[in-house]
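Colleague: here is my input; please provide its structure:
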Amino acid sequence: MQFVLHAGGAFAPGPFQAGRAVGSSSPRRGESEGGFASCPRAFCGELNRVNGSRKGLVYLLKSAHNQRLPQCFGANDRFLSMALIVQKYGGTSVGSTERIRVVAERVAHARQLGNRMVVVVSAMAGETNRLFKLASELCETPSARETDVLVATGEQVSAALLTIRLQALRVPAISFLADQLRIATDSNHGRARIKSIDPSRVVKELNADRIVVVAGYQGVDELGDITTLGRGASDLTAVALAAALKADACEIYTDVDGVYTADPNICPKAKKLKRISYDEMLEMAGLGAKVLQLRSVELARRYRVPLVVRSSFTESEGTWVGQEDPSMENLLVSGVTLDQYQSKVTVTGVEDRPGLAARIFGPIAAADIVVDMIIQNASADGRTDLTFTVNRDDLARTLELVQRVSAEIGATGVRHEDQVAKVSIVGVGMRTHAGVAARMFEVLAGERINIEMIATSEIKVSVVVGLKYGELAMRSLHDAFVDSADFQLPEETV
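Modeller: So this is what the prediction gives:
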């Protein structure tokens, strides 16, 4: 059983029947041969306390959250059985042996409810940073390959410790590293992309009634070298496994109890969302919201993996991320995001003729540096200025590349600014309602905040402002769009 990666990054079913229950030879009840339920959607809700124990997921009929329908007991049973759940626990959730004990109890309880469990873990909180620091103390620019070998050990420790605790609770469990599961990637160390996953070993252990614990964040290239997938990529490992295994849900456990309308640490009035669409979450993750890793949301949307973001510290319900629902358009703005790690680069005096923009951005793309916003000024005297933003961590490499190209194409100079922030509003309701950008600019003008750059899509508006105004801008926009009754939309009825 294998998922192979086609050009463009999409997983596709390999030599097995798509849509089958793990290890089964026939489709799940209600599923067509195509792999998705032909009956009403399955529901992922909350099971009330059972025998005084903590809440767990239950899968019932008719939900907007989950399109995969687990096999069930008889009609009179309270919950459906044998759901396959992938859980991911972040660094704070496994940050100490005490926290690992709590996670082990939660995982064991979910299994006790009749679920088959795959658990992905991050390194213990602070461990990855500690390992990066050790490398930098020995070498200013350590080898990317050896750095991956080093930092991947953090997740290995967490996976082994959680498995040890589960076994101490007399729960059958086994841990795996990426190379043992053949999570194959390219050789772009530090930012590797998944090419294929062979879940056969996971299936074998699940069929032996074991919990499978997987070290997140890592893969292996065609040479057998360890790679890492980028910071925060244990989310990606979890979603990729959920897609490959056709899991019924992917639960992301972190130190927050869901997705909020803004960062609660900056905006005290932020509200937790009960649900959000893949598109909105994708925009928010790409615009600075740290609750889910961007590539994990991309993959979840592509394979319609039902996601829920929950806290490992509380029993609160969390936020569901899934298919867009028509009622979501009633909320004009779902969230306000702030990215304080942006830098702005301007290439001045670029000759206004075809091909020069490609000359500038080609080497940047080849270096795997993500360019965000791009603005080209109107031409004057046959020359123009080209301004764009990159992550602050990529600024030094970007300047080195751009300065070289600038000299080659005869531009007059390169300047940069790293004290900038990007503030954005996001919501599917923007697709069908006018006046959002105008209101945003009015709010910022009222706070005397200057806008340096603007970018839009059909469900977002982003602006670049001075770094010192970023938090004020977020709070002001949240008050205007999320907290204010003046900008709420009535529900459409027929």
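Colleague: in space, what's closest to residue 156 - neighbours in sequence excluded?
Modeller: Using CB to CB, 6 or more residues apart in numbering and skipping the chain neighbours, the partner closest in space to residue 156 is residue 215 (5.1 Å). From N, CA and C alone the C-beta is placed, and that goes for glycine too.
Colleague: helices of this structure, start to end?
Modeller: Under the criterion DSSP state H, the chain contains helices at 97-112, 127-138, 144-151, 153-168, 178-181, 200-207, 234-245, 278-286, 294-303, 356-366, 395-409, 436-446, 470-481.
Colleague: next, the contact list for the closest residue to residue 422 other than its chain neighbours, please.
Modeller: Take residue 422 and drop its neighbours on the chain: the residue closest to it by CB to CB, 6+ apart is residue 339, 4.3 Å away. Residue 339 is in contact with 287, 288, 421, 422, 423, 424, counting by CB atoms under 8 Å, 6 or more residues apart in numbering.
Colleague: same thing but 10 Å
Modeller: Residue 339 makes contact with 286-290, 372, 389, 391-392, 420-424, 462, 464, 470, according to CB atoms under 10 Å, 6 or more residues apart in numbering.
Colleague: how close does it sit to residue 175?
Modeller: 35 Å (CB to CB, to the nearest Å).
Colleague: how about residue 385?
Modeller: For residue 385 relative to residue 175 (CB to CB), the value is 54 Å.
Colleague: who's more crowded, the two?
Modeller: Ranked by neighbour count (other CB atoms under 10 Å), residue 385 and residue 175 place residue 175 first, with 22 against 19.
Colleague: beta partners for that one?
Modeller: residue 213 (DSSP bridges).
Colleague: isn't it right up against residue 214?
Modeller: Yes. Counting by CB atoms under 10 Å, residue 175 touches residue 214, with 7.4 Å between them.
Colleague: need the overlap of contacts for the two.
Modeller: With CB under 10 Å, 6+ apart as the test, residue 175 and residue 214 both reach 119, 121, 159.
Colleague: format these as TSV; extra columns: neighbour count and pLDDT.
Modeller: Output for these, formatted as TSV (neighbours: other CB atoms under 10 Å; pLDDT from 0 to 100):
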residue	neighbour count	pLDDT
119	30	98
121	34	98
159	26	98
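Colleague: what's the closest of the residues you listed to residue 399?
Modeller: Taking CB to CB as the measure, residue 399 lies nearest residue 121 of the shared contacts of residue 175 and residue 214, at 37.1 Å.
Colleague: how close does the closest residue in space to that closest one that isn't next to it in sequence get to residue 213?
Modeller: Closest residue to residue 121 apart from its sequence neighbours, by CB to CB, 6+ apart: residue 158 at 4.2 Å. Separation of residue 158 from residue 213 (CB to CB) stands at 9 Å.
Colleague: list only buried entries from the contacts of residue 339.
Modeller: 286-289, 372, 389, 392, 420-424, 462, 464, 470 (16 or more other CB atoms under 10 Å).
Colleague: give me the pLDDT value at the residue nearest to residue 214 when sequence neighbours are not counted.
Modeller: Closest residue to residue 214 apart from its sequence neighbours, by CB to CB, 6+ apart: residue 120 at 4.9 Å. Per-residue pLDDT puts residue 120 at 98.
Colleague: over to the one 4 residues further on?
Modeller: Per-residue confidence for residue 124 comes out at a pLDDT of 97.
Colleague: compute the distance between it and residue 348, please.
Modeller: Distance from residue 124 to residue 348, by CB to CB: 47 Å.
Colleague: which secondary element of this protein has the worst mean pLDDT?
Modeller: Here the helix or strand of the chain ranked lowest by mean pLDDT, DSSP states H and E is strand 42-47, holding a mean of 30.
Colleague: got the contact list for the residue positioned nearest the centre of the chain?
Modeller: In the chain, the residue lying closest to the centroid (CA atoms, centre = their mean) is residue 293, at 2.5 Å. Each residue near residue 293 by CB under 10 Å, 6+ apart is listed here: 217, 229-239, 252, 285, 299.
Colleague: so how far is residue 419 from it?
Modeller: Counting by CB to CB - residue 293 and residue 419 are separated by 26 Å.
Colleague: strands paired with the biggest strand by length in the chain, and their directions?
Modeller: Taking DSSP state E as the criterion, the chain has its longest strand at strand 335-351. Paired strands of strand 335-351, with direction, are strand 383-391 (antiparallel), strand 413-426 (antiparallel) (DSSP bridges).
Colleague: give me the lowest-pLDDT entry from the contacts of residue 293.
Modeller: Among the contacts of residue 293, residue 285 has the weakest pLDDT, 83.
Colleague: ends of stretch 246-264, what's the gap?
Modeller: From its first residue to its last, stretch 246-264 covers 34 Å (CA to CA, to the nearest Å).
Colleague: about what we covered before: of residue 124 and residue 348, who's got more company?
Modeller: Counted by other CB under 10 Å, residue 124 and residue 348 do not tie: residue 124 has more neighbours, with 22 against 16.
Colleague: and that one, what is it in contact with?
Modeller: 91-97, 99-100, 130, 154-155, 157-158, 161.
Colleague: any of these buried? List them.
Modeller: Using 16+ other CB under 10 Å, the buried members of the contacts of residue 124 are 91, 92, 93, 94, 95, 99, 100, 154, 155, 158, 161.
Colleague: which one of these is nearest to residue 479?
Modeller: Distances from residue 479 to the buried ones among the contacts of residue 124, taken by CB to CB, are shortest for residue 92, at 29.4 Å.
Colleague: you'd agree the closest one is up against residue 158?
Modeller: No. The criterion here is CB under 10 Å, and residue 92 misses it with residue 158 at 11.6 Å.
Colleague: what do the two both touch?
Modeller: 122, 124.
Colleague: next one: the nearest residue in space to residue 232 that is not next to it in sequence from residue 199, what distance?
Modeller: Nearest residue to residue 232, sequence neighbours excluded (CB to CB, 6+ apart): residue 293, at 4.0 Å. Distance, residue 293 to residue 199, using CB to CB: 21 Å.
Colleague: and residue 441, by the same measure?
Modeller: 49 Å.
Colleague: which one of the two has more residues nearby?
Modeller: Just comparing residue 441 and residue 199: by other CB under 10 Å the higher neighbour count belongs to residue 199, 25 against 15.
Colleague: show me where pLDDT drops low in the stretch 201-350 of the chain?
Modeller: Low-confidence segments of the stretch 201-350 of the chain (pLDDT under 70): 325-331.
Colleague: same deal with the stretch 51-200 of the chain?
Modeller: 51-81.
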